[in-house]
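Novice: Take a look and give me a structure for this.
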Amino acid sequence: MKNKYIFGFAVVALSFSGCTKLDENLNGQVGSAGVSGGNVSSLLGATYSAMIGPYQAPWNWSALQEVTSDEIIVPTRAGDWDDNGAWRALHLHKWAPDNSRISDVFRDLNSISYVATSVLGASPTAAQAAQARFLRAFAQFSILDGWGQVPYRDSGEDVTKPSRVRNAADEIAYLINELTAIIPDLPAGPANVANKNAAKVLLMKVYLNKGAFLNRNAPTFDAADMAKVITLADEITAGGYTLTANYFDNFAPTNDILSKENIFTAQNLGGTAGSDLDGQWKCTTHYNQNPSGYNGFSTLSNFYAKFEASDTRRGGSYAGQTNVSGIRIGFLVGQQLNQNGVALKDRKGNPLAFTPEVSIIERDPNHLEVAGIRVIKYPIDFANSGSNKPDNDWVYFRYADVLLMKAEAQLRTSLAPQALAIVNSIRTVRGASALTSLTLDILLDERGRELYWESFRRQDLIRFGKFLAAWQEKPASEAKYLVFPIPDNQLGNPNLIQNPGY
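Specialist: Residues are numbered from 1 along each chain as shown. As a prediction, this is how the structure comes out:
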């Protein structure tokens, strides 16, 4: 059963979402003035809710991680999806400090820290404080990943003054100390609450990306840090997680019951509370499909080609979805059908057959609506389709990622046979053939196959030294694009310094 605790405070959450409209000098956090112990639970619930928009909506953090990569393209289709070039800029690595997507995400991630810090000034229990500190660390890790510098305030600080800012080295040290300190006070579960293993996964990511965060042009990997990644992975494995036999059950409307590998999720209550998850479908499906979408987000043919035909992660029919709408799960390519098997047409009357061929600007009027392979990662929750509040819990961390991070740490410390065994154990469950050898390039591809459209690709490409390379519909890019610019509207805080090259 889903725990109604998290989203039982929708009104409070909405009031705190207004924090994203505060003066930029506040930059995301508050002190304890005016906060009493009587509303700690509401404040903590609001912190969980504050994570919905930045992380679940496909146009926010997910867009910054995926549209900037070789996994997602948002082609301009005549007047559709132009948006003053904001989407093209992300894929082409041509963004500037006034990019609306970058500005909105920076603001919203800082708002999570804002609300989480307010919990700490309201006399929380040790368990409540640990959860708030984890959610704050989670958001700050994303800010570090994206911008390389992190605004912060401690509880009780004067909110009329500009927030302080930690550089990459200081933020890494802070995250390691903070996560280590709170693990004993976090609950063991469930997955939809900040928990011990979720903190360990985030700590793994800090250690694994440490060298990339400190030197994005030439990441280094310290053996001691890699050993910590391996140790943490083993501790998480002891928690009894296993790979889920049906890959897409991890993302299903009842994934809180079906998944054996989800470690940290955002709880959504179908028809009741949450979520921006419905945008995951609507941003990619065509107007004439069910559910009707906005015909935008697509994947690239070169990425799709990384999958073997037998690989179940590539998709197929899914019970409760295909027989209701005709839409299959995973990658949608070729002629699309309705639930009766009848071929669909686009708005011009042409066959609705999605093509691998796609351009950053589509100009052929007969190709506009079908260009690009579409992706449905989360099975569609038709039971709650009228409410726009699906029941699928949003997945932040999965056990498969833990295993792949362990394999990467092993591969980077001359333990290639052990790493190969881990990767093949995943591929076997997913229906893919066993690999005979493992290199960093192969491992990067495997992370793409396992974690596609889960908001990790940009981070992975930077860590593997591939983010600036040319790929489909994108030329090679400059080193400044390894971090995002501080948005123009945030530079009223004198402690924020614009990143080099912007």
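
Novice: Outside of stretch 490-502 itself, list whatever touches it.
Specialist: 23-25, 27, 96-97, 103, 106-107, 147-149, 151, 162-165, 478-480, 483-486 (CB atoms under 8 Å, 6 or more residues apart in numbering). To be clear about C-beta, it is placed using only N, CA and C from the backbone, and glycine gets the same treatment.

Novice: How much space separates Gln490 from Leu496?
Specialist: For Gln490, the distance to Leu496 equals 6 Å [CB to CB, to the nearest Å].

Novice: same check, this time on Leu243
Specialist: When Leu243 is compared with Leu496 (using CB to CB), they lie 42 Å apart.

Novice: before we move on, what about Asp393?
Specialist: Distance, Asp393 to Leu496, by CB to CB: 34 Å.

Novice: So between the two, which is more surrounded?
Specialist: Asp393 (30 against 21; other CB atoms under 10 Å).

Novice: thought the more buried one was touching Asn192?
Specialist: Yes. In terms of CB atoms under 8 Å, Asp393 counts as a neighbour of Asn192; the distance is 5.9 Å.

Novice: hey, what's in contact with both of the two?
Specialist: Lys2, Asp256, Thr265, Ala266, Gln267.

Novice: Go through those residues and flag the one the model is least confident about.
Specialist: Of all those, Lys2 has the smallest pLDDT value, namely 47.

Novice: now the strands for the stretch 51-200 of the chain?
Specialist: In the stretch 51-200 of the chain, strands defined by DSSP state E, counting those that start in this stretch lie at 76-77, 149-152, 164-167, listed in chain order.

Novice: of all those strands, which lies closest to Phe467?
Specialist: Checking the strands of the stretch 51-200 of the chain against Phe467 by CB to CB gives strand 149-152 as the closest, at 18.7 Å.

Novice: what packs against the closest one?
Specialist: Counting by 3 or more CB pairs under 8 Å, 6 or more residues apart in numbering; DSSP states H and E, the packing neighbours recorded for strand 149-152 are helix 100-120, helix 126-147, strand 164-167, helix 168-182.

Novice: Recalculate using a threshold of 7 Å.
Specialist: Judged by 3 or more CB pairs under 7 Å, 6 or more residues apart in numbering; DSSP states H and E, the packing partners of strand 149-152 are helix 126-147, strand 164-167.

Novice: now the protein, which segments are flagged as low pLDDT?
Specialist: 1-38, 273-276 (pLDDT under 70).

Novice: go with 80
Specialist: Applying pLDDT under 80 to the chain flags the ranges 1-38, 271, 273-278, 385-388.

Novice: tell me the residue furthest from the middle of it?
Specialist: In the chain, the greatest distance from the average C-alpha position (CA atoms, centre = their mean) is reached by Gly349, at 35.9 Å.

Novice: Next one: that one relative to Arg374, how far apart?
Specialist: Taken as CB to CB, the span from Gly349 to Arg374 is 20 Å.

Novice: Could you do Ser325 as well?
Specialist: Taken as CB to CB, the span from Ser325 to Arg374 is 13 Å.

Novice: who's more crowded, the two?
Specialist: For the pair Ser325 and Arg374, the greater number of neighbours falls to Arg374 (25 against 20), based on other CB under 10 Å.

Novice: mind checking which helix or strand that one is in?
Specialist: Per DSSP states H and E, Arg374 falls inside strand 374-376.

Novice: Within the sheet, what are the partner strands of that strand, with directions?
Specialist: Each strand paired with strand 374-376, and its direction, by DSSP bridges: strand 329-332 (antiparallel).

Novice: Please compute how far the strand it pairs with lies from its chain's middle.
Specialist: 19 Å (CA atoms, centre = their mean, to the nearest Å).

Novice: if we look at that strand, which residues are touching it?
Specialist: Strand 329-332 has contacts (CB atoms under 7 Å, 6 or more residues apart in numbering) with 248, 299, 304, 313-316, 318, 321, 354, 373-376, 379.

Novice: Could you list the buried residues of stretch 111-123?
Specialist: Ser111, Ile112, Ser113, Tyr114, Val115, Ala116, Thr117, Ser118, Val119, Leu120, Gly121, Ala122 (16 or more other CB atoms under 10 Å).

Novice: and which of the residues you listed is nearest Trp87?
Specialist: Ser111 (23.4 Å).

Novice: Surely that closest one is in contact with Ser49?
Specialist: No. Ser111 is beyond contact range of Ser49, at 10.9 Å (criterion: CB atoms under 7 Å).

Novice: burial of Thr439, as a residue count?
Specialist: Thr439 has 12 neighbours, counted by other CB under 10 Å.

Novice: what's the answer for Gln472, then?
Specialist: So Gln472, with other CB under 10 Å, has 15 neighbours.

Novice: do the same with Ile183
Specialist: Look at Ile183: counted by other CB under 10 Å, it has 18 neighbours.
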